[in-house]
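I'll drop the sequence and a predicted model, then ask my questions.
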Amino acid sequence: MTTTTLAALVPLLPFLGAVAGLALGRTAPGFVRPLAILPTLTATVLAVVVAVRQGGGRAIDAVTQLTPTGSVPIDLALHLDGFAVLVAVLVGLVATCVQLYSTAYLRNDARYPSYAALVSLFTSAMLLVVYSGDLMVLLVGWEVMGICSYFLVGHYWETPEARAASLKAFLVTKLGDVPFLIGLFALAADTGSFRITKILAAVTNGGLDHPTLIALLLLAGVAGKSAQFPLHTWLPDAMAGPTPVSALIHAATMVAAGIYFVARLLPVFAASGAALTVLAVMAAVTMVGSGLAALAQDDIKRVLAYSTIGQLGYMSGALAVGDRGAAVFHLISHGAFKAVLFLAAGVVIHAAGTNSLAAMSRTGGLARRIPDAYWTMTVALLALAAIPPFAGFFSKEAVLVAAEHTAVGDRAVAPAAAGWTVLIAALAAAVLTAAYATRLWLLAFRGRGAELPDHGRQPVAMTAVLWILAVPTIAFGLTSGVIGDWFDGHALNPSLTTAVLATGVTLVGGLVTYGAWRHTTALAARTPIGAVAAHPGAEPALVEAEAMTSHTAAYGTIAAAADPADPGRLLLGPLHRHAVTGFHLDALYTALFVRPVQQAARLVRFLDRTVVDTYVNGSGAVTRLLGTAVRRAQTGNVQTYLGALLAGSLVLAIAAVVFANVNAGS
């Protein structure tokens, strides 16, 4: 088969698996798991073959006109460059691991067939975004991911948290998608095409008439999809979904789509220095704000959610300084270790019986009970904190090097102010990342208290994938010097200055957090707190469904807000109460948007039911009264009718005489 044929099969196979899974889920349940795993696994193998054939060389394009439009044509196009083929491998690998993991995690879930089919559809949509060479076809995958996230985040729809989170995720991302769609049409109007290659050629030739307006409209959609300030608030709440879904959304789909889109069309954004500056500020606020919020969270998944927001901020920062190679390098690196973190968190939740770090800190022996999750999560946290030689160190270094070059004027793609903004914020975020990563590890695995009973090893399907994903977490960064062909041909090696500086501030963040933990642990030993009554070994999906968004121990009496053993509370001080709520952005949006809309809806309901309905009902009442009067007059008595006729004639005669006399007198 040709490379383009294989590439076309990559998104098609998971789609067919999703259709078959939905069709056979109830009638042939034995086929559900094979249909969930095998199409995605095959697509991953084909994606690897496509990547090898493309080899980081010249982009491969294939085009078929989808439909004649009479104006701007829409094409079914593939565009296979180094970025596309590597990101497709990441998506396939993570999706396959998630499907394998889910067979154990949701093994007794009655809705597993629809869940597995939606995960396959989610994967197919992201692969369509990755390979698509036409923006309208890309938009199809973009929007399908939105509806899949709605259903998957709301998988536990029996709980109000899941229902609210799914609706919030859908509405907030759609809020960004409206200007995004307008921006796509404006871009096509300026360049005369939806084809990515033709758009980039037109931009190179100066064919973009409204670069700033178009770039800002597109950035609104990117901010919603990739959870960047100020449209990031949906992502922490989306932890109400099952943990494997969180891994898929955070590591390989949905949030990666916005970053990938900007990387694909970076010349469009680079045509406007103002747009790059806005992107740099957005990235800086996202990195620092999410790091502070992560340091205050008690739910282990919410910590990782804010971590994802911050790492996406790094990617946005790299794009803001004009280096899409560094952005995609960190996207792939982050996808590997963040998938490990979420899937390992699922094992931790399963073993501990709670999402609460405060509860975990009051129990002991967790590391010994789940060694696979302990070691792989430790490696992934080191990669997250950018400790060498793990993948996160090299990919974050690529971002810092790009920001440094822009700040000192070595690159003229973006304003120097954008470079300084990204560089300073990235270093501050490095301290915070090390702090919340260290805090998570200490509270989860170094708890001091009664050991929970050991219920045996975790399912192999849940632990094996952790080691599979740990391989790129450890080794992918070491390839930075040899994969330049896939990243626009330039090396992604770290520089001595940024490496020493970033590693130094990272170590400071980790050591300070460790010292704060030692202090708070000693304080907690003198402060009696209620015991935790956890339920380790219960079904992981059941544990998560009951504890998904709680800031307290899922089955205990520890209030996270009153836990003296939390180093995050000591480090943040008075800022903690603001950081734990995400700096009150949800409350602000509720006051500015939700309540006014609700009040407007109440006014419309009042006008409709009280004013409009009154007139309509009044008209009907008058008609009914007239009908009643007429009905009573129809007695069926001939004498009555003749009497009325004579009386009426007499009245008319008298009126005629009077009228005649009046006319005669005048």
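Sure, I can see it.

For Gly322, which residues are in contact?
266, 270, 276, 402, 406, 411, 413-414 (C-beta atoms under 8 Å, 6 or more residues apart in numbering). Every residue, glycine included, has its C-beta placed from N, CA and C.

tell me which element the closest residue to it other than its chain neighbours is part of?
Of all residues not flanking Gly322 in the chain, Val413 sits nearest, at 2.9 Å (C-beta to C-beta, 6 or more residues apart in numbering). Assigned by DSSP states H and E, Val413 belongs to no helix or strand.

What pLDDT is listed against Val413?
Confidence at Val413, expressed as pLDDT, is 86.

Quick check: it vs Lys301, distance?
Separation of Val413 from Lys301 (C-beta to C-beta, to the nearest Å): 37 Å.

Between the two, which is the more surrounded one?
For Val413 versus Lys301, neighbours defined as other C-beta atoms under 10 Å are more numerous around Lys301 (27 against 19).

which residue packs closest to that one, ignoring adjacent ones?
Counting by C-beta to C-beta, 6+ apart, the residue nearest Lys301 is Met239, at 4.1 Å.

Just give me the neighbour total for that neighbour.
Neighbourhood size, Met239 [other C-beta under 10 Å]: 30.

That one and Ile300 touch, don't they?
No: using C-beta atoms under 8 Å as the test, Met239 is too far from Ile300 to be in contact (9.2 Å).

dump the residue contacts of Pro211.
Per C-beta under 8 Å, 6+ apart, neighbours of Pro211: 268, 271-272, 275.

Which members of these occur in helices, if any?
With DSSP state H as the criterion, helices contain 268, 275 from among the contacts of Pro211.

Between the contacts of Pro211, which sits nearest Pro179?
Checking the contacts of Pro211 against Pro179 with C-beta to C-beta, the nearest one is Ala275 at 13.1 Å.

host element of the closest residue to the closest one other than its chain neighbours?
Of all residues not flanking Ala275 in the chain, Ala215 sits nearest, at 3.5 Å (C-beta to C-beta, 6+ apart). Element membership of Ala215 [criterion: DSSP H and E] is helix 211-225.

And that helix, what's buried?
Within helix 211-225, the residues scored as buried using 16 or more other C-beta atoms under 10 Å are 211, 213-225.

Just the C-alphas of it, formatted as CSV.
Taking Å, rounded to 0.1, in the frame of the first residue of the first chain, the C-alpha atoms of helix 211-225 are listed here in CSV:
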residue,chain,number,x,y,z
PRO,A,211,-3.5,38.9,10.2
THR,A,212,-4.1,40.2,13.7
LEU,A,213,-7.9,39.8,13.6
ILE,A,214,-7.7,36.3,12.2
ALA,A,215,-5.0,35.2,14.6
LEU,A,216,-6.9,36.5,17.7
LEU,A,217,-10.2,34.8,16.6
LEU,A,218,-8.4,31.5,16.1
LEU,A,219,-6.6,31.9,19.5
ALA,A,220,-10.0,32.0,21.2
GLY,A,221,-10.8,28.5,19.9
VAL,A,222,-7.3,27.4,20.9
ALA,A,223,-7.7,28.8,24.4
GLY,A,224,-10.9,26.8,24.8
LYS,A,225,-9.8,23.5,23.4
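
chain center to it: distance?
Here helix 211-225 is found 17 Å from its chain centre; the criterion is C-alpha atoms, centre = their mean, to the nearest Å.

With stretch 483-499 instead?
The chain centre lies 28 Å from the centre of stretch 483-499; the measure is C-alpha atoms, centre = their mean.

Same question for it: list its buried residues.
Neighbour-count burial for stretch 483-499 flags 483-484, 486-488, 492, 494, 498-499 (criterion: 16+ other C-beta under 10 Å).

Go through those residues and say which is closest to Leu16.
Proximity of the buried residues of stretch 483-499 to Leu16, judged by C-beta to C-beta, is greatest for Trp486, which lies at 28.6 Å.

surely the closest one meets Leu86?
Yes: between Trp486 and Leu86 there is a contact under C-beta under 8 Å: 5.5 Å.

which residues of the stretch 551-666 of the chain score low on pLDDT?
The model of the stretch 551-666 of the chain has pLDDT under 70 over residues 551-564, 665-666.

where along it do the strands fall?
Taking DSSP state E, counting those that start in this stretch, the stretch 551-666 of the chain contains no strands at all.

again, but for the chain
Along the chain, the segments classed as strands by DSSP state E run 60-67, 74-80.

Of the ones you listed, which stretch is the most buried?
Ranked by mean neighbour count, these are led by strand 74-80 with a mean of 22 (mean count of other C-beta atoms under 10 Å).

any idea how far Gly146 is from the residue nearest to Gly21 when sequence neighbours are not counted?
Once flanking residues are discounted, Gly21 sits nearest to Ala117: 3.6 Å by C-beta to C-beta, 6+ apart. Look at Ala117 and Gly146: by C-beta to C-beta, they are 17 Å apart.

The two: which is more packed in?
Higher neighbour count among Ala117 and Gly146: Ala117, with 25 against 19, using other C-beta under 10 Å.

just the helices in the stretch 501-650 of the chain please.
Counting by DSSP state H, counting those that start in this stretch, the segments of the stretch 501-650 of the chain that form helices are 540-547, 567-572, 576-579, 585-589, 595-606, 613-633, 638-665.

Tabulate those helices in JSON lines, adding columns for mean neighbour count.
Below are the helices of the stretch 501-650 of the chain laid out as JSON lines (neighbours: other C-beta atoms under 10 Å):
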{"stretch": "helix 540-547", "mean neighbour count": "22"}
{"stretch": "helix 567-572", "mean neighbour count": "22"}
{"stretch": "helix 576-579", "mean neighbour count": "17"}
{"stretch": "helix 585-589", "mean neighbour count": "14"}
{"stretch": "helix 595-606", "mean neighbour count": "10"}
{"stretch": "helix 613-633", "mean neighbour count": "10"}
{"stretch": "helix 638-665", "mean neighbour count": "10"}
